[in-house]
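Asker: Output the structure for:
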Amino acid sequence: ETGAISEVKLAGYVAKYATKGTGKSEAADRPIRSQLDIDFLRVSNHHRRIIQTAWDLGGLAQYEELKLRHWAHMLAFRGHFLTKSRAYSTTFKTIREDRRAFRLHQTLTAADLDPETTLIVNDWTFAGAGYDNDAETELTSGIAERVRLDRARNYREETLT
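Answerer: Next up, the predicted model:
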């Protein structure tokens, strides 16, 4: 209401972008060199505003040491968030293992099972790939064809209504 943002909300906002996929980003794919670069970016309006804000703040003397203009294309994040030192932080493997253990505990508790005494046995064996004979192949082809026809019929019905 006052225009201020709490540290918790800011951390949540940063985490939202930091935890998105490490593949394709909606941000710019190269450093911004001028306002013209921002004007011609092919990004969403939301990302354009973040980049523009980083560019504008980076031009102020009080934020000069943050090098915001240099990192504007990365939404003002310096480098990639996954570049963490193992010596000074935890690893993502450890975080994943902790999350897995928490979810298992949560699931067992919800099923009214004691997480301390319940033994989970996971034993997977490769059974093979494909079909054993021509009859199975024919059966699955028929099922796939029926599914395709049902989808096409449903699509036609939806577009006509």
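Asker: Buried ones in the lengthiest helix in the chain, by neighbour count?
Answerer: Scanning the chain for the helix with the most residues, using DSSP state H, yields helix 134-160. For helix 134-160, a neighbour-count test (16 or more other C-beta atoms under 10 Å) marks nothing as buried. C-beta coordinates here come from the backbone N, C-alpha and C atoms, glycine included.
Asker: just so I have it, where are all the helices in this protein?
Answerer: Counting by DSSP H, the helices of the chain are 7-18, 35-39, 45-58, 92-110, 134-160.
Asker: which one of the ones you listed has the lowest average pLDDT?
Answerer: Confidence, taken as mean pLDDT, is least for helix 7-18 of these (a mean of 72).
Asker: What confidence value was assigned to Glu1?
Answerer: For Glu1, the predicted pLDDT is 63.
Asker: and if you look at Asn133?
Answerer: So, for Asn133, pLDDT stands at 92.
Asker: How about Lys67?
Answerer: The model's pLDDT for Lys67 equals 89.
Asker: for Arg78, same thing?
Answerer: Reported pLDDT for Arg78: 68.
Asker: next one: the one 10 residues further on
Answerer: Reading off the per-residue confidence, Tyr88 sits at a pLDDT of 61.
Asker: who's in contact with stretch 41-55?
Answerer: 26-28, 32, 35, 38, 68-69, 71-73, 75-76 (C-beta atoms under 8 Å, 6 or more residues apart in numbering).
Asker: Looking at those residues, spot the one nearest Ile95.
Answerer: Leu75 (22.3 Å; C-beta to C-beta).
Asker: Tell me how many other residues surround the closest one.
Answerer: When neighbours are counted by other C-beta atoms under 10 Å, Leu75 registers 18.
Asker: and the gap between it and Asp29?
Answerer: In this view, Leu75 and Asp29 are 13 Å apart by C-beta to C-beta, to the nearest Å.
Asker: one step back: now distance to Ala127 too, for the helices of the chain, in a markdown table please.
Answerer: Below are those laid out as a markdown table (distance: least, C-beta to C-beta, whole Å):
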| stretch | distance to Ala127 |
| --- | --- |
| helix 7-18 | 40 |
| helix 35-39 | 55 |
| helix 45-58 | 46 |
| helix 92-110 | 25 |
| helix 134-160 | 13 |
